[in-house]
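Chemist: Starting from these lines, generate the structure:
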Amino acid sequence: MIRTGSGEVGELGSHAAGASVARRGSATRPSFAVVYHRAPTDADPLIGAPAALHSPNGIIPTLRGIFGPERAGVWVAWTRVDDAGDLRNRNAAPAYSSDPAISVHSVPLSASDIETFYHRFSKEALWPVICSSPDNVRFEESHWDAFAEVNRRFAEAVAELVTPDATIWVHDYNLWLVPGVLRELMPAARIGFFHHTPFPAADVFAILPWRAEILRSLLACDLVGFHVPHYANNFAATAANLVGARVSCKVEVSSRYLTVGTPLSTSRTAAELEFGARRIALNAYPVGIDSARIDDLRATPGHARRVEAIGRALPGQQVVLSIDRLDYVKGSVQKLGAYERLLQRHPEYRGVIAFVCIVAPAVDAISVHRSVRAEIDALVGRINGRFSTLAWTPVRYFYQPLSFARVVSWYEASSIAWIAPLRDGLNLVAKEFVAASGDDAKVLLLSEFAGAHVELKHAVTVNPYSPRSMDLGLQTALDMPAAARRRRMRNMRRVVRSSTADQWATEFLAELVSDRPATLGAGVTRTAAATPSIAPHRAPAGSS
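Modeler: Here you go, the predicted model:
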């Protein structure tokens, strides 16, 4: 059973009664583990300080919610240590948790570990490849060695903590090598991996010099999950092309994901691979959101006051909202460019719309983040310098983290949400905006390269690489009649409210622990999805 993630976890370093997980005998070890680089707290391990209250729809509150009386276990994450003495017993840092169902175990990393494993290799070697942005790739062999070492320490920590046949759920690309080490140490374990990012095409992934090692590790899993079927197909083709895996089962995609005419379109998806003596299941699990939490926030007096304050600050203006994390793949620069062209070509929009650009800060240690921020700052300054009047500021720019309550107030106050990443595994902001729309006449302007586009077929589609598409999409959204806005939003709201984060976790874990044989020779039956009874939705690039 999945419970809600309402329980808060204690501060780093606090000790609960069950803090001695690593010292238990095998008979008392838990049989379930989550492996994610961050701990289940609101503290940021990179800066060692509490961050703003995160959305309840992020991965951390979702994963916290899968623990409970019927599924107690261990969460393995990193913690930053400054004293070299703390690293002597590198895989046995104390566990801590104020939730009796979660024992949190810390893998201690030094500042040097974090610099090479996370800032350099994960963000400068892997992330550009994942996002199909090879011009930003930087490779160094020593960084790979550090990445492999940290991944091994994570896997060894898990193996010391859980039963040999435990169910282990590993998350995200910076732990790509953990499954392979775990399989060596724990042959009987059930190992699942979920990608919270896109998975690139085979010829893009092949840029990585260490491609075979990464793929063989992922092929040590029992189940590999992705947000949308297209990413599963990319992974299957990559594994087939580069290490000789064989696609042993394909199925028709559900009508929920069926699109044509867009980059993430697919009608059939790989559901199973064979590699050596192993079978590896593949599936798509787009993360849902907690719509009820948004409803609760919208019903509070504080929310109403914040929305009224925004209305007073921007009287009579149609608010176009952009919320992104600072990253070159999020499309903030492309959106500002399109907005500037709109104001230049269509003076009638000046003074009647406001572009609210909220950018969540990123880690300054990653040099490309500093250059992206400088470009955004320069564009905002130029647009406001060109078009501002005494009564009107074209761009309202916030470079700061906002509480989720404030974010929901901006959803409520905005007519249009403009989500235009160059690549995105899913994008929960798009889903949150739809959930917060009520019956209002709002528009979602969404990149066709965001995984959420596969589900949110009634968004206005844009290609962020095409200035013409961005220009047309923005003008289409601004000029769309209220009836059309409500009709589109109603259709998307049904989709968003039909799936929750809890369902996402439940579905993944149910397949991970199923009795599907992981090795060849035992026979296996996979039921192909029924052919959809509705025609695929067509969403031409650059149009609605």
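Chemist: tell me the SS of the nearest residue to R488 once chain neighbours are set aside?
Modeler: For R488, the nearest residue in space outside its immediate sequence neighbours is H458; the separation is 4.0 Å by C-beta to C-beta, 6 or more residues apart in numbering. (Each C-beta comes from the backbone N, C-alpha and C, glycine too.) Put simply, H458 is coil when judged by DSSP: H, G, I helix; E, B strand; the rest coil.
Chemist: What's the local residue count around H458?
Modeler: Here the neighbour count serves as a burial measure; for H458 (other C-beta atoms under 10 Å) it reads 22.
Chemist: For it, which residues are in contact?
Modeler: When the contact criterion is C-beta atoms under 8 Å, 6 or more residues apart in numbering, the partners of H458 are 444, 487-489, 491-492.
Chemist: V307 now?
Modeler: Taking C-beta under 8 Å, 6+ apart, one finds 409, 412-413 in contact with V307.
Chemist: Same list (those) but as CSV, adding pLDDT, neighbour count and distance to H195.
Modeler: Putting the contacts of V307 into CSV (pLDDT from 0 to 100; neighbours: other C-beta atoms under 10 Å; distance: C-beta to C-beta, whole Å) gives the following:
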residue, pLDDT, neighbour count, distance to H195
S409, 97, 25, 32
E412, 96, 22, 32
A413, 97, 19, 34
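Chemist: Apart from its chain neighbours, what residue comes closest to S388?
Modeler: If the residues on either side of it in the chain are set aside, S388 comes closest to P394, at 6.3 Å by C-beta to C-beta, 6+ apart.
Chemist: where does R153 sit relative to W78, distance-wise?
Modeler: As for R153, its distance to W78 is 9 Å (criterion: C-beta to C-beta, to the nearest Å).
Chemist: Could you do I280 as well?
Modeler: Going from I280 to W78 by C-beta to C-beta gives 27 Å.
Chemist: Where does the prediction get shaky in the stretch 351-500 of the chain?
Modeler: Across the stretch 351-500 of the chain, the ranges flagged by pLDDT under 70 are 365.
Chemist: where exactly do the helices run in it?
Modeler: With DSSP state H, counting those that start in this stretch as the definition, the stretch 351-500 of the chain shows helices at residue ranges 367-387, 404-413, 428-435, 467-479, 482-497.
Chemist: Need the winner for burial among those.
Modeler: Among the helices of the stretch 351-500 of the chain, judged by mean count of other C-beta atoms under 10 Å, the one packed with the most neighbours on average is helix 428-435 (a mean of 27).
Chemist: so what's A413 up against?
Modeler: By C-beta under 8 Å, 6+ apart, the contact list for A413 reads 307, 310-311, 314, 319.
Chemist: Name the nearest residue to it, sequence neighbours excluded.
Modeler: I310 is the one closest to A413 (C-beta to C-beta, 6+ apart), at 4.0 Å.
Chemist: SS state for L282?
Modeler: In the three-state summary, L282 is assigned as strand, counting by three-state DSSP.
Chemist: ah, wrong one, I meant S322
Modeler: Classification of S322 by three-state DSSP places it in strand.
Chemist: Quickly note the distance from it to C221.
Modeler: Between S322 and C221 the distance, using C-beta to C-beta, works out to 36 Å.
Chemist: For these two, work out which one has more neighbours and name it.
Modeler: For the pair S322 and C221, the greater number of neighbours falls to C221 (28 against 25), based on other C-beta under 10 Å.
Chemist: Can you verify the more buried one is assigned to a helix?
Modeler: No: applying three-state DSSP, one finds C221 to be coil, outside a helix.
Chemist: was I right about W169 contacting W504?
Modeler: No: under the criterion of C-beta atoms under 8 Å, W169 is not in contact with W504, lying 11.9 Å apart.
Chemist: thinking again about what came up before, export the helices of the stretch 351-500 of the chain as JSON lines, with columns for distance to V228.
Modeler: What follows is the helices of the stretch 351-500 of the chain, written out as JSON lines (distance: least, C-beta to C-beta, whole Å):
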{"stretch": "helix 367-387", "distance to V228": "26"}
{"stretch": "helix 404-413", "distance to V228": "24"}
{"stretch": "helix 428-435", "distance to V228": "13"}
{"stretch": "helix 467-479", "distance to V228": "21"}
{"stretch": "helix 482-497", "distance to V228": "13"}
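Chemist: Out of these, which gets nearest to S255?
Modeler: Of all these, the one in closest proximity to S255, counting by C-beta to C-beta, is helix 482-497 (11.2 Å).
Chemist: Please save the CA atoms from that closest one in CSV.
Modeler: What follows is helix 482-497 as a C-alpha-only set of coordinates in CSV (Å, rounded to 0.1, in the frame of the first residue of the first chain):
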residue,chain,number,x,y,z
ALA,A,482,-11.9,31.9,-24.1
ALA,A,483,-14.2,29.0,-25.2
ALA,A,484,-11.3,27.3,-27.0
ARG,A,485,-9.0,27.8,-24.0
ARG,A,486,-11.5,26.3,-21.6
ARG,A,487,-12.2,23.3,-23.9
ARG,A,488,-8.5,22.5,-24.3
MET,A,489,-7.8,22.9,-20.6
ARG,A,490,-10.8,20.7,-19.6
ASN,A,491,-9.3,17.9,-21.7
MET,A,492,-5.9,18.2,-20.2
ARG,A,493,-7.2,18.5,-16.7
ARG,A,494,-8.9,15.1,-17.1
VAL,A,495,-5.6,13.6,-18.0
VAL,A,496,-3.6,15.2,-15.2
ARG,A,497,-6.2,14.4,-12.5
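Chemist: In the helix or strand containing R306, which residues are buried?
Modeler: Using DSSP states H and E, R306 sits in helix 301-313. When burial is assessed from 16 or more other C-beta atoms under 10 Å, helix 301-313 yields the following buried residues: 303, 306-307, 310.
Chemist: Stretch 248-264 too?
Modeler: By 16+ other C-beta under 10 Å, the buried positions in stretch 248-264 come out as 248-251, 253, 256-259, 262, 264.
Chemist: Now flag whichever of these is closest to R345.
Modeler: Distances from R345 to these, taken by C-beta to C-beta, are shortest for T262, at 26.7 Å.
Chemist: Help me confirm that that closest one comes into contact with L446.
Modeler: No: between T262 and L446 there is no contact, the gap being 10.6 Å when judged by C-beta under 8 Å.
Chemist: can you list residues touching both of those two?
Modeler: Shared contacts of T262 and L446 (C-beta under 8 Å, 6+ apart): 453, 461.
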